[in-house]
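Asker: Dropping the sequence and predicted coords here.
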Amino acid sequence: MEIARRLQGIGEYYFSKKLREIDNLNQQGKNIVNLGIGSPDLPPHPEVIKTLQEEAEKTNVHGYQNYKGSPVLRQAFADWYQRWYGVRLDPDTEILPLIGSKEGIMHICMTYLNEGDAALVPNPGYPTYRSNVAIAGGVCMDYELKEENNYQPDLAAIEANDLSCVKLMFVNYPQMPTGQQASPEVMKALIAFAKKHHILLVHDNPYSFILNDHPSSILAIEGAKEVAVELNSLSKSHNMAGWRVGVLCGAADRINEVLRFKSNMDSGMFLPLQLAAATALSLGQDWHDEVNAVYRARREKVYELLNLLGCTYSKEQVGLFMWAAIPAGYKDGYELADAVLYNADVFITPGGIFGAAGNGYIRISLCGSIERFDTAITRISAQIGKIRNEKSEMSGTNGQS
């Protein structure tokens, strides 16, 4: 049986393959310290779990749910956007709850892309943008984000290309994997660009509350709803990654268009889970301060680890990761990541999985206890000689080639 042509060129997700390798190493007794995956290890607020428990005990909540989500959850999202982002949304027409925002990327691609249509995707950027565009039959058109430009889009360089087939542009600030933010001026320029070229902007916004004092939404910019939709998620902001609660926000026409596809794919979330998510959305500043205090302490440990490896990085990053340039001598981040994995039993993410522009970088997740980071630092310190010897050997090889 041949697989569908839409999957040609679509490989297994990097982390899926790497985690199998790590499992094999652990079976050999390695006990790998995993600093690669951005899955929050902290629990949701106790009131969120309490709501789920109490609602799930009821006898009348176990049936199919509204395709547009519970009115309670949609109103909670509307209140959340008004409170934190200063964005007014109609809960009946401008909000579509999702089973995690990742599915929303696919819904959008399937809703708007015909075969041969193009989408602008950031490089480096979240790999799911690229794979979902391809699965939908579209063509990816990279726009490179450069460190010297603070990872902001160079719209003039993008406009030098033929944009006649471009229907979508994915943007993501705070940016993953680089942790950089976009100013209101950048967002305004993106909206003007989208209007000029009749492109739908898809802003992916799951990291705005992590180590960030000023959460923002592209929908707060005047005229944004004319050309932009926004994906958001409770995975990172409320430690609910496994709960799969996300949202798509935008003009009523865009919501209805995406709903035409989504309603043929699923039947809505378990109602008690939606009501628990509404409880999460009602949490105040104390919750975010508590979560960020933990991540701030962990980030100090990551600085220590990156210094040990000789990496360079910006302390202006926000979000759930640290992005760092590799030291001289390594061909790319894959070589450094493998040197650390096979010598020190610590897994870090090579930047190249996020696109060719990330080849000279690594990414480290903040999702791990202080004890886990201390263990990683101890292991790398003990093996730094081997790691550096490998660097010297690779540097010599590179010099001969």
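Answerer: Sure thing, it's come through.
Asker: and the gap between residue 102 and residue 232?
Answerer: Shown here: residue 102 relative to residue 232, a distance of 12 Å by C-beta to C-beta, to the nearest Å. To be clear about C-beta, it is placed using only N, CA and C from the backbone, and glycine gets the same treatment.
Asker: who has more neighbours, these two?
Answerer: residue 232 (27 against 19; other C-beta atoms under 10 Å).
Asker: next one: phi and psi at the more buried one?
Answerer: Residue 232 adopts backbone torsions of phi -140, psi 170, taken as degrees, to the nearest 10.
Asker: My read is that it contacts residue 202, right?
Answerer: No. Assessed by C-beta atoms under 8 Å, residue 232 is found out of contact with residue 202, at 11.9 Å.
Asker: wait, what's in contact with residue 271?
Answerer: Shown in contact with residue 271 (C-beta atoms under 8 Å, 6 or more residues apart in numbering): 55, 61-62, 65, 70.
Asker: TSV for these, including secondary structure?
Answerer: Below are the contacts of residue 271 laid out as TSV (DSSP: H, G, I helix; E, B strand; the rest coil):
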residue	secondary structure
55	helix
61	coil
62	coil
65	coil
70	coil
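Asker: In those, find the pair that's most separated.
Answerer: 62 and 70 (13.9 Å; C-beta to C-beta).
Asker: hey, where'd the helices end up in the protein?
Answerer: Here the chain has its helices, by DSSP state H, at 14-27, 46-56, 71-80, 101-112, 127-135, 155-159, 184-197, 252-262, 271-281, 285-309, 333-344, 370-400.
Asker: Please identify the most buried of the ones you listed.
Answerer: Among those, ranked by average contacts under mean count of other C-beta atoms under 10 Å, first place goes to helix 271-281 (a mean of 24).
Asker: and the angle from that one to helix 71-80?
Answerer: Relative orientation of helix 271-281 versus helix 71-80 (axes from the mean of the first three to the mean of the last three C-alpha atoms, to 10 degrees): 20 degrees.
Asker: hang on, the earlier thing: now tabulate the helices of the chain in JSON lines and tack on distance to residue 238 and mean pLDDT.
Answerer: Formatted as JSON lines, these follow (distance: least, C-beta to C-beta, whole Å; pLDDT from 0 to 100):
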{"stretch": "helix 14-27", "distance to residue 238": "22", "mean pLDDT": "85"}
{"stretch": "helix 46-56", "distance to residue 238": "7", "mean pLDDT": "97"}
{"stretch": "helix 71-80", "distance to residue 238": "10", "mean pLDDT": "98"}
{"stretch": "helix 101-112", "distance to residue 238": "13", "mean pLDDT": "96"}
{"stretch": "helix 127-135", "distance to residue 238": "21", "mean pLDDT": "94"}
{"stretch": "helix 155-159", "distance to residue 238": "33", "mean pLDDT": "96"}
{"stretch": "helix 184-197", "distance to residue 238": "24", "mean pLDDT": "97"}
{"stretch": "helix 252-262", "distance to residue 238": "22", "mean pLDDT": "96"}
{"stretch": "helix 271-281", "distance to residue 238": "4", "mean pLDDT": "97"}
{"stretch": "helix 285-309", "distance to residue 238": "8", "mean pLDDT": "97"}
{"stretch": "helix 333-344", "distance to residue 238": "30", "mean pLDDT": "94"}
{"stretch": "helix 370-400", "distance to residue 238": "22", "mean pLDDT": "75"}
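Asker: what would these look like in CSV with distance to residue 207?
Answerer: Converted to CSV, those look like this (distance: least, C-beta to C-beta, whole Å):
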stretch, distance to residue 207
helix 14-27, 18
helix 46-56, 20
helix 71-80, 16
helix 101-112, 11
helix 127-135, 15
helix 155-159, 22
helix 184-197, 15
helix 252-262, 22
helix 271-281, 16
helix 285-309, 11
helix 333-344, 21
helix 370-400, 20
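Asker: Please identify which of those helices is closest to residue 317.
Answerer: For residue 317, the closest of those is helix 285-309, at 8.6 Å, according to C-beta to C-beta.
Asker: Off-centre distance for that closest one?
Answerer: Centroid separation for helix 285-309 versus its chain: 18 Å, with C-alpha atoms, centre = their mean, to the nearest Å.
Asker: for that helix, packing partners?
Answerer: Helices and strands touching helix 285-309, by 3 or more C-beta pairs under 8 Å, 6 or more residues apart in numbering; DSSP states H and E, are strand 321-325, strand 361-365, helix 370-400.
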